[in-house]
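>>> How does the following fold in three dimensions:
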Amino acid sequence: PAHLFALFFQIRRAFHLTYRAISGTTRLSAGLRADVWNSIFTHDLRRYRKGLHARMQEFSTLVLGPSGTGKELVAQAIGMSQYIPFQENSRQFLMDFRQCHQPVHLAALPATLLESELFGHCKGAFTGAIADRAGFLETRHAAQTVFLDEVGELPPEVQVKLLRVLQSRHFQRVGDHTLREFHGRIIAATHRDLGVEMENGRFREDLYYRLCSDIIRTPSLRDQLREKPAELDHLLSVVSLRLVDRSVASELAGEAAAWIRKSLPDHPWPGNMRELEQCVRSILIRGRYAPPSAGQAKASDAATALGMAVAAGDLDHEQLLGRYFALIYARCGSYEAAGQRLGIDWRTIKTRMDQ
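Numbering: from 1, shown residues only. I've put the predicted structure just below:
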């Protein structure tokens, strides 16, 4: 009975969390929800109930897709829907499902600290290590998941250590020789083409084959709208409800739909859902939205405006650097290209713009 109770609670969580993460009405969205469900329970729920539920941590999930398509939401739905045993004696679940999902944004971590953040370190392992510290991979139970966002950015030496974790379920803290066990499940995501990355030697093939037993691909907004143009109205309603009160959400969604169909009828939405949300925000504030292509056409105006702000002394150090990074990023079209042009690590640009 305790096992069935835990299973029913898991099914209930998975249903609500999956629909909250993926709210589309297209066949692509339905297929994505099915992929998430299978990642949690596999396609055979009876086999899962009989014993597979206790071994799902051995199967990593790799989420692929363009930026802005909800890879992190997919990972969160899977991570918070893991099986959690119910303890009959205490009449409590072993842990709170909200604590089961641990996201790690690899691109935001400096390369010098990445290994320490993932695996932990012991006191004195390096300058500044004044105490022992547990890493993200030091999980306590199989119900826990660690989400490695932008796994394609991992440096080679960290890829080797992660591969060992997936192979043996053991790891060592930086500066320590004690073997520690990884009990949880790995969910990884990237917008990069890992096939190209492997051909160019930037991503290990053996690590990919440890991650690819379960692959989920998030569809682009452009593909969803191509399949069902009316999906735009539904997605605008969902976005509007996130931004404003329910009493005015319908009005905002209608205003945004009318403006988009009139001014951007063939827009490809390269930023996907993230761009659509910013579009609605811009229409809410200014009554219009200038997509990246339109912004690039006026790059000289943006540079002139930045120059005038500098001449007037209106910007502090942080604002000046942030606006200049944003200008170069808009012209180059990617963090990597902007980093090469400026001669700095692309992660620095991304972190600054995120802030």
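
>>> Could you use CA atoms for every contact and neighbour count after this?
Will do.

>>> Rounded mean pLDDT for stretch 334-348, please.
Confidence for stretch 334-348, expressed as mean pLDDT, is 79.

>>> Quick one: end-to-end distance for it.
Start and end residues of stretch 334-348 are separated by 13 Å (C-alpha to C-alpha, to the nearest Å).

>>> Could you list the low-pLDDT ranges of this protein?
Applying pLDDT under 70 to the chain flags the ranges 293-302, 304, 333.

>>> name the helices or strands packed onto the helix or strand Ala256 falls within?
Using DSSP states H and E, Ala256 falls within helix 246-263. Helix 246-263 sits against helix 231-243, helix 272-286, with contacts defined as 3 or more C-alpha pairs under 8 Å, 6 or more residues apart in numbering; DSSP states H and E.

>>> Please repeat the previous calculation with a cut-off of 6 Å.
For helix 246-263, the helices and strands in contact under the criterion 3 or more C-alpha pairs under 6 Å, 6 or more residues apart in numbering; DSSP states H and E are helix 231-243.

>>> for the helix it packs on, the distance to its chain's centre please.
Centroid separation for helix 231-243 versus its chain: 20 Å, with C-alpha atoms, centre = their mean, to the nearest Å.

>>> I'd assumed Tyr289 was in contact with Ser282.
Yes: between Ser282 and Tyr289 there is a contact under C-alpha atoms under 6 Å: 5.5 Å.

>>> which one of those two has more residues nearby?
Legend: neighbour count by other C-alpha atoms under 10 Å for Ser282 and Tyr289, higher for Tyr289 (22 against 15).

>>> host element of the more buried one?
Assigned by DSSP H and E, Tyr289 belongs to neither a helix nor a strand.

>>> Report the contact partners of it.
By C-alpha atoms under 6 Å, 6 or more residues apart in numbering, the contact set of Tyr289 is Cys279, Ser282, Ile283.

>>> Tell me how far it lies from His3.
Separation of Tyr289 from His3 (C-alpha to C-alpha): 52 Å.

>>> And Ala249, by the same measure?
42 Å.

>>> more crowded one of the two?
Neighbours per residue, other C-alpha under 10 Å: of Ala249 and His3, the larger number sits with Ala249, 19 against 16.

>>> For the residue nearest the centre of the chain, list the residues it contacts.
The centre of the chain sits closest to Glu72, judged by C-alpha atoms, centre = their mean, with a distance of 2.9 Å. Residues counted as contacts of Glu72 (C-alpha under 6 Å, 6+ apart): none.

>>> Can you name the next helix or strand after the helix or strand where Gln159 lies?
For Gln159, the host element (DSSP H and E) is helix 156-168. Going down the chain from helix 156-168, the next helix or strand is strand 170-171, by DSSP H and E.

>>> what lines up beside that next one in the sheet?
strand 180-181 (antiparallel) (DSSP bridges).

>>> Show me the strands in this protein, by range?
Secondary structure of the chain (DSSP state E): strands at 61-64, 86-87, 92-93, 101-105, 120-121, 133-134, 145-149, 170-171, 180-181, 185-190, 214-217.

>>> Among these, which comes closest to Arg226?
Proximity to Arg226, assessed across those by C-alpha to C-alpha, is greatest for strand 214-217 (17.2 Å).

>>> just to revisit the earlier point, redo the strands of the chain as TSV? Include distance to Pro268 and mean neighbour count.
Converted to TSV, the strands of the chain look like this (distance: least, C-alpha to C-alpha, whole Å; neighbours: other C-alpha atoms under 10 Å):
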stretch	distance to Pro268	mean neighbour count
strand 61-64	19	24
strand 86-87	47	16
strand 92-93	46	12
strand 101-105	27	19
strand 120-121	43	22
strand 133-134	44	16
strand 145-149	25	25
strand 170-171	44	20
strand 180-181	46	16
strand 185-190	21	25
strand 214-217	19	19
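
>>> Appreciated, that's everything.
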